[in-house]
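Novice: Sharing a model that was predicted from the sequence below.
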Amino acid sequence: QKDEHPSVPAPIQPVDSLVLFHLSPKLQYLIVELHGAGGLPVADVDSGTSNPLCRVRFDGMVQQSEPILGSTNPTWGHTFYLPVRLADEALRTDRWFMQNILPVEMQSKGFLELEIWHWDTVPTEFLGGAKLDLQETRYGDIELKAI
C-alpha cells in the first residue's frame, strides 16, 4: 500500500545539498557557514530592494553564493568549503607541526573576507562586508592595545 498520493511529487535531493562528493579527504577545509545579512542598502531604486550575493575570499581563492532576489535582509543558509593549502602534509598530520607550525602557516594566508554585492546580471554594487583575522579567532593570542 502506497502512502503518497500520485499527484505529490517525490522528494528530490538538491544539487547543492550537504552530500559533498567533490571534497578531497586529503585536504583540510575552512568551513564558512553563511546565514544571512540585515539592513543592506537599496541598490535597485525602481524596486526598492537589492539582489545580494556573498563573496568569500581566502588565501587567493574566491567563492560566491547564489543571489537572493529582492531583499535587503537576505537569508542564504549557504556553506562554503575553502581548501586550506598547506606547504607540507606534516602540517595536517603531525601533532607537533599542527600545534607549532600550522598557526604560522595560517597567519601567512591573511584575512577571511566576506563581501556582499548587488547582483544585476553581474555583481555591480558593493553593499557591505567584513574582514576576519583568523589568528584572533582560532590560532593567535589576542592582544589589547591602547591608543
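Specialist: Right, received. Where do you want to start? Numbering: from 1, shown residues only.
Novice: residues near the residue nearest to Ser24 when sequence neighbours are not counted, how many?
Specialist: Counting by Cβ to Cβ, 6 or more residues apart in numbering, Ser24 lies nearest to Pro83, which is 7.7 Å off, once chain neighbours are set aside. From N, CA and C alone the C-beta is placed, and that goes for glycine too. Neighbourhood size, Pro83 [other Cβ atoms under 10 Å]: 14.
Novice: Pro83: what secondary structure?
Specialist: At Pro83 the chain is in strand, as set by DSSP: H, G, I helix; E, B strand; the rest coil.
Novice: Quick one: classify the closest residue to Asp59 other than its chain neighbours as helix, strand or coil.
Specialist: Once flanking residues are discounted, Asp59 sits nearest to Lys109: 4.2 Å by Cβ to Cβ, 6+ apart. What three-state DSSP gives for Lys109 is coil.
Novice: OK, contacts around Lys109?
Specialist: Listed by Cβ atoms under 8 Å, 6 or more residues apart in numbering, the contact set of Lys109 reads 58-59, 84, 134.
Novice: Alright, I will stop here.
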